[in-house]
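S.K.: just coords:
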Ligand SMILES: Nc1ncnc2c1ncn2[C@@H]1O[C@H](COP(=O)(O)OP(=O)(O)OP(=O)(O)O)[C@@H](O)[C@H]1O
């Protein structure tokens with residue numbers, strides 16, 4: 001199988017307001033793709049279409065060569081994991097409860113409860129994400145950055161083949177932001193995931209993403225590696241700002257001009 005997510009001529013409007021116009025995307029298995037572009041260009045809308053939270057007006061979305069419309073909800077939930085940008089909790093759940101929610105799609109039936117395997121996966125992910133000390137804490141008592149890691153843990157215990165993340169680093173300090181990028185990249189490199197992340201930080205994208213998709217005006221303007229796409233000309237065309245690109249070893253580094 002060559003591609004994990006294939007989007008063909010996807011168009012989407014909110015109340016006749018066209019947001020995505022014949023968008024084509026082909027994301028291969030085992031890649032970490034960053035979706036970038038100006039505010040309001042439709043990045044989150046694109047993710048929501050891929051997650052089937054929104055129905056396209058036109059076009060086809062295939063997940064692992066199968067039309068998304070043909071998936072049973074439970075199979076889609078096992079295949080696609082999602083880390084939202086913001087999430088609030090209305091229920092008094094502990095961190096552990098929230099993480100276990102990621103295993104629900106794998107339960108044989110709701111009477112069976114969680115298996116030994118479920119417990120092991122939850123324990124492993126909690127350890128890898130360094131969440132042990134928060135385990136029994138009410139999730140609402142965590143800071144924004146700590147809670148973002150819990151949301152990543154919930155998505156990882158789901159063991160999805162494809163993980164979609166919507167600006168997971170926007171509320172995080174640089175340490176947490178680097179950690180989320182490193183962990184996502186680590187799981188992709190280990191062959192456990194295909195990663196698709198909406199993000200704004202060009203330099204984080206350059207450091208960790210294999211591929212970039214630039215969206216603008218409802219269209220995919222460019223796709224390619226950060227080295228190919230992060231040029232002052234392309235960035236000026238997409239965002240309308242001037243910058244220098246510094247070669248930072250393996251990846252480009254964007255230095256914006258002061259306005
Ligand atoms: N439920 C909705 N109803 C109507 N318009 C919406 C709705 N959700 C989003 N929009 C509009 O659709 C456009 C695309 O929004 P979207 O959130 O997909 O953009 P984005 O690229 O993710 O933006 P940002 O970078 O600011 O997060 C925006 O103009 C937004 O105001």
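M.R.: Arrived safely. These numbers were taken from a predicted model, which means no experiment stands behind them.
S.K.: from here on, contacts and neighbour counts on C-alpha atoms
M.R.: Will do.
S.K.: quick one, strands of the chain?
M.R.: 3-14, 17-28, 32-36, 58-63, 66-67, 80-83, 162-166, 194-198, 211-216, 219-224, 243-248, 251-256 (DSSP state E).
S.K.: between those strands, which gets nearest to the ligand?
M.R.: strand 3-14 (4.9 Å; C-alpha to the nearest ligand atom).
S.K.: Phi and psi next, for the closest residue to residue 217 other than its chain neighbours.
M.R.: What sits nearest to residue 217 in space, not counting adjacent residues and going by C-alpha to C-alpha, 6 or more residues apart in numbering, is residue 41, at 6.0 Å. The phi and psi torsions at residue 41 (degrees, to the nearest 10) take the values phi -80, psi -10.
S.K.: Report the contact partners of residue 49.
M.R.: By C-alpha atoms under 8 Å, 6 or more residues apart in numbering, the contact set of residue 49 is 55-56.
S.K.: how long is stretch 247-259 end to end?
M.R.: 22 Å (C-alpha to C-alpha, to the nearest Å).
S.K.: Okay, buried residues for stretch 201-212 please.
M.R.: 202-212 (16 or more other C-alpha atoms under 10 Å).
S.K.: is the ligand contacted by that stretch?
M.R.: No - under the criterion of C-alpha under 6 Å from any ligand atom, the ligand is not reached by stretch 201-212; the shortest gap measures 10.9 Å.
S.K.: who touches that stretch?
M.R.: 31-36, 178, 181-182, 185, 199, 222-227, 229, 251-254.
S.K.: out of these, which are buried?
M.R.: Here, 16+ other C-alpha under 10 Å leaves 31-36, 178, 181, 185, 199, 223, 225-227, 229, 251-254 buried among those.
S.K.: Just the helices from the stretch 101-250 of the chain, written as ranges.
M.R.: Secondary structure of the stretch 101-250 of the chain (DSSP state H, counting those that start in this stretch): helices at 116-128, 144-157, 174-189, 202-208, 226-229, 232-239.
S.K.: Enumerate the residues of this protein near the ligand.
M.R.: Checking the chain against the ligand by C-alpha under 6 Å from any ligand atom, the hits are 14, 19, 38-45.
S.K.: Pick out the residue closest to the middle of this structure.
M.R.: With distances taken as C-alpha atoms, centre = their mean, residue 165 lies nearest the centre of the chain, 1.9 Å away.
S.K.: mind listing what it touches?
M.R.: 82-85, 195-198.
S.K.: so what pLDDT did it get?
M.R.: Looking at residue 165, its pLDDT stands at 97.
S.K.: ok so, going back, among the strands of the chain, which is nearest residue 117?
M.R.: Nearest to residue 117, of all the strands of the chain, is strand 80-83, at 18.7 Å by C-alpha to C-alpha.
S.K.: Identify each buried residue in stretch 33-49, please.
M.R.: Quick answer for stretch 33-49 (16+ other C-alpha under 10 Å): 33-37, 41-49.
S.K.: start to end distance for that stretch?
M.R.: By C-alpha to C-alpha, one end of stretch 33-49 lies 16 Å from the other end.
S.K.: tell me how far that stretch is from the chain's mean position?
M.R.: Centre-to-centre, stretch 33-49 and its host chain are 10 Å apart (C-alpha atoms, centre = their mean, to the nearest Å).
S.K.: With stretch 59-68 instead?
M.R.: 18 Å.
S.K.: which residues sit against that stretch?
M.R.: 1, 3-11, 22, 50, 52.
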